[in-house]
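Asks: the amino acid sequence is not available; the structure is as follows:
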């Protein structure tokens, strides 16, 4: 196991040398983990760069074989992994399997099979006739040492979806888990050891925000961060000062648009799951629902009924569907948004209360209606178990409201008309839009993930995510090495005239002008090719 199942000594909990793992369902300590000393980062980076040079020298086939072996180790260790995730995050066992284990396993399997094709040198054909004597390729080279600063809400699948492509591309990785989920982070490090990856190729560094800042200051070759907008701004500024590229996934305020022709039983079930999965603590959570007026009442009633049927409790019960929130501070943020919405005329139709009978961090899944776009609950990321419904008069109004946000991560359209759904999806400002489903695209290995605006930049997953892990280098080989090029020195009025005619030959809209460009007149050469004075 990655950590002892025992309480922390009283002194250890106060020591900056340790990070404590806490069970959010009970508040009890799971164990402690030694924090990385920022003063040790120079040697950490030296180890990483040494390991990376040797790793990058391996063939891509060998690196893929190692990732496939990691896949097998994850498969063999899945019960242990599930136990750690459940104990540390409080999420139901079913969600630990679907959203954590399955995604990590599939990422390793998918990329290990696709990387040989996606990372091999890519031939570049030249369309310009002046360049037909050249051969060219795009080559993909490792970045070097990649820093990954991971979140607590999906502490296994999110970092591995970045660590795996980083390694396939030939990089070393410094992984800083969230200080709220150090146990899962430590276990990730153990899995790479069990899979016999080279020492220091993947190093797990435990610590809080100060450690993340120190890692960036030490100069990794790229930074991947998943977390809040506030922290993302700080990281972007720190990376900008050192000209370090970054990929930032900073959350969302995902809109679900339910049209009058939608299948309401299915749409309401999706709304309930999309709002409450992982207790609403997901960047892809359904946080705003816009429903056309003719079906708003029926849709709302179905959401209320299904919300009240949810089983809430600690993940030690395998039948529970909604677990606790990660910490009390996050619960209080949800309460503040609900209180402000009620004061401004919104109505809570289900939930809206703490469940202290279950534990310190439990909050009843909540349905709230009569909301407006000016309320905090419809503008700020909630990151909690809230299903907020606003009635609209038309699809156009819904699209306008969906786009009225600084966030742009994901969204969904619900309609019986797939063509119309696709057309409306193209009008939503987001990194991804699903038609008749919510959030689950994150589990599709081929689908790129990422947003724009306040949701960040860059992509993970898919071929685009893999290419975030490499430098693209253009290589050009001239097949006439003894022939001087027409654009080299030896300039003259005659050459300028010939060059101008060559432009006519390539781009004039009048075919007669193109033809005349080939004809020599007034002693000027029709083409630019000639010997050189220099």
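Replies: All right, it came through fine. Quick caveat: nothing in here was measured; it's all calculated off a predicted structure.

Asks: quick check: which ranges of this protein have low pLDDT?
Replies: The chain contains residues with pLDDT under 70 at 1-16, 520-534.

Asks: mind redoing it with 80?
Replies: For the chain, applying pLDDT under 80 flags the ranges 1-16, 518-534.

Asks: let me see the ranges of the strands in the stretch 351-500 of the chain.
Replies: Secondary structure of the stretch 351-500 of the chain by DSSP state E, counting those that start in this stretch: the strands cover 366-369, 386-392, 407-408, 410-414, 432-435, 452-453, 456-457, 470-478.

Asks: which helices and strands does the last one pack with?
Replies: Using 3 or more CB pairs under 8 Å, 6 or more residues apart in numbering; DSSP states H and E, the elements in contact with strand 470-478 are strand 134-142. Yep, even glycine has a C-beta here, placed from its N, CA and C like the rest.

Asks: tell me the contacts of residue 255?
Replies: 287, 288, 289, 290, 398, 401, 402, 405, 411, 412, 428 (CB atoms under 8 Å, 6 or more residues apart in numbering).

Asks: to the chain's geometric centre, what's the distance from the host helix or strand of residue 272?
Replies: According to DSSP states H and E, residue 272 maps onto helix 264-276. Centroid separation for helix 264-276 versus its chain: 23 Å, with CA atoms, centre = their mean, to the nearest Å.

Asks: okay, now the sheet partners of the helix or strand following that helix, with direction.
Replies: Counting by DSSP H and E, the next helix or strand C-terminal to helix 264-276 is strand 286-292. Using DSSP bridges, the strands paired with strand 286-292 are strand 254-258 (parallel), strand 386-392 (parallel).

Asks: now do the longest one and helix 264-276, the angle between them.
Replies: Put simply, strand 386-392 runs at 130 degrees to helix 264-276, going by axes from the mean of the first three to the mean of the last three CA atoms, to 10 degrees.

Asks: and strand 386-392, how far out from the chain's middle?
Replies: The answer for strand 386-392 is 26 Å, by CA atoms, centre = their mean.

Asks: now the first one
Replies: For strand 254-258, the distance from its own C-alpha centre to the chain's C-alpha centre is 20 Å (CA atoms, centre = their mean).

Asks: now do that strand against strand 410-414, angle only.
Replies: Using the same axes, to 10 degrees: strand 254-258 against strand 410-414 is 10 degrees.

Asks: start the count at 39, not 1, going forward
Replies: From this message on, residue numbering opens at 39, which makes the last subject strand 292-296.

Asks: list the buried ones in strand 292-296?
Replies: 292, 293, 294, 295, 296 (16 or more other CB atoms under 10 Å).

Asks: can you put these in JSON lines and add distance to residue 174?
Replies: Shown next, in JSON lines, are the buried residues of strand 292-296 (distance: CB to CB, whole Å):
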{"residue": "292", "distance to residue 174": "42"}
{"residue": "293", "distance to residue 174": "44"}
{"residue": "294", "distance to residue 174": "46"}
{"residue": "295", "distance to residue 174": "45"}
{"residue": "296", "distance to residue 174": "50"}
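
Asks: next, count neighbours for residue 428.
Replies: 22 (other CB atoms under 10 Å).
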